[in-house]
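In: okay, sequence plus prediction incoming.
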Amino acid sequence: EDKVVQSPLSLVVHEGDTVTLNCSYEVTNFRSLLWYKQEKKAPTFLFMLTSSGIEKKSGRLSSILDKKELFSILNITATQTGDSAIYLCAVWFSGGYNKLIFGAGTRLAVHP
Amino acid sequence: ETGVTQSPTHLIKTRGQQVTLRCSSQSGHNTVSWYQQALGQGPQFIFQYYREEENGRGNFPPRFSGLQFPNYSSELNVNALELDDSALYLCASSSLAGGSADTQYFGPGTRLTVL
């Protein structure tokens, strides 16, 4: 069965810390992996990763994909309270139609 | 903001009732996918509509049904509501279906509570 597993499920850090969120997957017909940030309701898009070993960066956030070991990490450096959110990892399944298979998410709390 | 809108934002129903949720996709997008997100879980794929036809379905019973209109907006209908249907329902739009891994953009969701 196709699945996406995220760890840890929750994380509490202090402002300024660096965090690493993990995502492993077992998905047939893998096309790409996406990271989303969910604060209140709508998940907002962060990154889409298709190729192994190529780091994507946006400010203090960065992410990389390892297609051989079937995992991705999301790094956040110099965390701020505004980074507090649920971070969702999702993998594109493509088998006649496209759907995203999501992990359960990592709930990150950044304390002042 | 993604340009994807959903209505209503909140809804309270009782068991056995029926509900219709609405979604307007982002301009230029012809594919709408619906997801159910229960508390503490990631979104689960319900189904996808492409050019007014169902294009794929997850593990949800037939009482979950949908429509897509010529302007690509969409409805999710749930009949015979059960307590476990309480969740955040997310709509996502994208510009392609089948064969292309495009980014999906999510609406703000509808929070459904079934009592």
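Out: That came through fine. Numbers count the residues shown, from 1 in each chain, chains lettered A, B, ... in the order given.
In: surely residue A:33 and residue A:93 touch.
Out: No - look at residue A:33 against residue A:93 with C-beta atoms under 8 Å: they stay out of range, at 11.2 Å. C-betas here are computed from N, CA, C, even on glycine.
In: more crowded one of these two?
Out: residue A:33 (25 against 21; other C-beta atoms under 10 Å in any protein chain shown).
In: contacting residues around the more buried one?
Out: Residues in contact with residue A:33, defined by C-beta atoms under 8 Å, 6 or more residues apart in numbering or on different chains, are A:23, A:25, A:48, A:49, A:50, A:65, A:72, A:89, A:90, A:91, A:92.
In: and the fourth one, how far from residue A:91?
Out: Taking C-beta to C-beta, to the nearest Å as the measure, residue A:49 falls 10 Å from residue A:91.
In: which other helices and strands contact the least confident helix or strand in chain A by mean pLDDT?
Out: Here the helix or strand of chain A ranked lowest by mean pLDDT, DSSP states H and E is strand A:98-102, holding a mean of 87. Applying 3 or more C-beta pairs under 8 Å, 6 or more residues apart in numbering or on different chains; DSSP states H and E, we find strand A:98-102 packed against strand A:3-7, strand A:85-94, strand B:31-37, strand B:44-50.
In: list the contacts for the residue nearest to the spatial centre of chain B?
Out: What sits nearest the mean C-alpha location of chain B, by C-alpha atoms, centre = their mean, is residue B:34, with 2.8 Å. Each residue near residue B:34 by C-beta under 8 Å, 6+ apart is listed here: B:23, B:45, B:46, B:47, B:48, B:66, B:74, B:76, B:89, B:90, B:91, B:92.
In: what's the burial count for the third one?
Out: In this case it means residue B:46. Counted with other C-beta under 10 Å, residue B:46 comes out at 23.
In: now it: closest residue in space that isn't a chain neighbour?
Out: The shortest distance from residue B:46 to any non-neighbouring residue, by C-beta to C-beta, 6 or more residues apart in numbering or on different chains, is to residue B:34 (4.3 Å).
In: relative to chain A, how far out is that neighbour?
Out: 10 Å (C-beta to the nearest C-beta, to the nearest Å).
In: and for residue B:70?
Out: 20 Å.
In: how about the contacts made by that residue?
Out: With the criterion set at C-beta under 8 Å, 6+ apart, residue B:70 makes contact with residue B:52.
In: where does it fall, secondary structure wise?
Out: Counting by DSSP states H and E, no helix or strand carries residue B:70.
In: what of the one 5 residues further on?
Out: Counting by DSSP H and E, the element that carries residue B:75 is strand B:74-78.
In: what about that strand, near chain A?
Out: No - shown here: strand B:74-78 not in contact with chain A (C-beta under 8 Å from any C-beta of the partner chain), separated by at least 14.9 Å.
In: in that strand, what counts as buried?
Out: B:74, B:75, B:76, B:78 (16 or more other C-beta atoms under 10 Å in any protein chain shown).
In: ok, stretch A:37-51 next?
Out: Applying 16+ other C-beta under 10 Å to stretch A:37-51 flags A:37, A:38, A:41, A:42, A:43, A:46, A:47, A:48, A:49 as buried.
In: what's the spacing between the residue in chain A sticking out farthest from the centre and chain B?
Out: In chain A, the residue that sits farthest from the middle, by C-alpha atoms, centre = their mean, is residue A:96; the gap is 24.9 Å. Here residue A:96 is placed at a distance of 6 Å from chain B (C-beta to the nearest C-beta).
In: SS state for that residue?
Out: coil (DSSP: H, G, I helix; E, B strand; the rest coil).
In: ok, it touching residue B:54?
Out: No - contact criterion C-beta under 8 Å: residue A:96 and residue B:54 do not qualify, at 11.9 Å.
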